[in-house]
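[1] Turn this into a model:
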Amino acid sequence: MTVAVLPGDGIGPEVTGEAIRVLDALGIAHSEHAFGGNAILAQGTPLPDETLAACREADAVLLAAVGLPELEGAAVRPEQGLLGLRRELGVYANLRPARAGGIDLVIVRELVGGLYFGEKGTRDDGTWFDTCEYTRPEVERIARRAFAIARERGGRLTSVDKVNVLHTSRLWRDVVTEIGAGEYPDVPLDHALVDSFAMTIVNAPETIDVVVTENTFGDILSDVAAAVTGGLGLAASASLGDQGPGLFEPVHGSAPQIAGRGSANPAAMLRSVALMLRHALGRPDDASALELAVDETLAGVKTADLGGTATTREVGDAVLARIG
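    Numbers count the residues shown, from 1 in each chain. Model (predicted):
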């Protein structure tokens, strides 16, 4: 098994360093490649051809955050590389777990359709537009992925849309309902509107199990769920397709304001490694051990974002000690 590692920008290389120590401890081969803002500065593109080729050949891709303040508003931006990598790898299902106390939910976000990938532009009259489009096959495949996860957890699925306003949501609700009745009748299904469901995440997150939703809604709701369960600094994600390497990354940004201080929290990156072990590398026992080690470490070793004084390396040391 080989992992393509993309350290990214800002605090990315720092938290990636702790992930690499875990990969080394587990005997997993890896290679590093340029990506994001630093790749733009060095090569003029956020996704160099060599990086894309290495990602395609790997069994999994571990990615840190991208973004540099000097590139804000530039014609070529780091985020374009991220969208391009998702599209090229065909990773249409974004899994965002959120756990804390009695909360244990997973948001399954459609990742390569909707507003982020639809036609966009300006008209002669000064109108700016973004187009939200979905096809039946796109909804079918993300619905099947979400139902399968809910079945594996022995739980239920909530499909989130805005069917009272959006035309694409009518397709979404119809297809999810059909897939559930025809292929997953053993998985309880309910539907929710995105605005009221956002309040449910805030007020009663313990009542939620597995959620499936489209790209833009999933982007927003998963960040809300992360905030409810400790913040973006703790949140991991997995982006999966039907074949080829998955993409695993922390949810937080590149935080250039604290880059180089050694104070960044590596927990989200380490939890992303655990997702990679489980979903791409076939090592579920190592994944569980790493998740437990991170949870136990955070109970006593805290970086500044959690009110502590520990360094990035100290958190990594504590995690490594617990996984042996």
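
[2] so which strand or helix has the residue most central in space within the chain?
    Nearest to the mean C-alpha position of the chain, by C-alpha atoms, centre = their mean, lies residue 237 at 2.9 Å. Per DSSP states H and E: residue 237 is located in strand 236-240.

[3] hmm, back to that, any idea what the residue nearest to the centre of the chain is bridged to?
    Residue 237 has the following beta-bridge partners by DSSP bridges: residue 249.

[4] cool, and residue 106?
    Here residue 106, judged by DSSP bridges, has bridge partners residue 97, residue 210.

[5] Any figure for the gap between it and residue 295?
    17 Å (C-beta to C-beta, to the nearest Å). From N, CA and C alone the C-beta is placed, and that goes for glycine too.

[6] Looking at the two, which has the bigger crowd around it?
    Neighbour totals were compared for residue 106 and residue 295, and residue 106 leads with 23 against 16 (other C-beta atoms under 10 Å).

[7] thought that one was touching residue 208?
    No. Using C-beta atoms under 8 Å, residue 106 makes no contact with residue 208, being 9.0 Å away.

[8] Where does the prediction get shaky in the chain?
    Counting by pLDDT under 70, the chain has no low-confidence residues at all.

[9] can you rerun that using 90?
    By pLDDT under 90, the low-scoring segments of the chain are 1, 72-73, 83, 101, 230-233, 243-244, 324.

[10] ranges for the helices of the stretch 151-300 of the chain?
    Counting by DSSP state H, counting those that start in this stretch, the stretch 151-300 of the chain has helices at residues 167-183, 194-203, 215-228, 267-279, 284-298.

[11] most packed of these?
    Greatest average neighbour count among the helices of the stretch 151-300 of the chain goes to helix 267-279 (a mean of 26), per mean count of other C-beta atoms under 10 Å.

[12] contacting residues around that one?
    The contact list for helix 267-279, computed with C-beta atoms under 8 Å, 6 or more residues apart in numbering, reads 3, 15-16, 18-19, 22-23, 26, 60, 62, 64, 95, 97, 232-238, 240, 246, 248-252, 283-284, 286-288, 290-291, 294, 297-298, 315-316, 319.

[13] how about 7 Å then?
    15-16, 18-19, 22, 60, 62, 64, 233-238, 240, 246, 248-252, 283-284, 286-287, 290-291, 294, 298, 315, 319 (C-beta atoms under 7 Å, 6 or more residues apart in numbering).

[14] try stretch 157-172
    Contacts of stretch 157-172 (C-beta under 7 Å, 6+ apart): 132-134, 136, 139, 146-147, 150, 173, 176, 187, 189-194, 197, 208, 210-214, 217, 221.

[15] Go again with 8 Å.
    Outside stretch 157-172, the residues within contact range by C-beta under 8 Å, 6+ apart are 114, 132-134, 136, 139, 143, 146-147, 150, 173, 176, 180, 184, 187-195, 197, 208-214, 217, 221.

[16] One more: stretch 135-146?
    Residues contacting stretch 135-146 (C-beta under 8 Å, 6+ apart): 92-93, 108, 110, 112-113, 157, 159, 171-172, 175-176, 179-180, 183, 210-212, 240, 242.

[17] CA-only coordinates of it in CSV, if you can.
    What follows is stretch 135-146, C-alpha atoms only, in CSV (Å, rounded to 0.1, in the frame of the first residue of the first chain):
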residue,chain,number,x,y,z
THR,A,135,-28.6,14.1,-12.8
ARG,A,136,-30.4,11.0,-11.7
PRO,A,137,-27.3,8.8,-11.7
GLU,A,138,-25.4,11.3,-9.5
VAL,A,139,-28.2,11.2,-6.9
GLU,A,140,-28.5,7.4,-7.1
ARG,A,141,-24.9,6.7,-6.4
ILE,A,142,-24.6,9.0,-3.4
ALA,A,143,-27.9,7.7,-2.1
ARG,A,144,-26.7,4.1,-2.3
ARG,A,145,-23.4,5.0,-0.5
ALA,A,146,-25.4,6.6,2.3
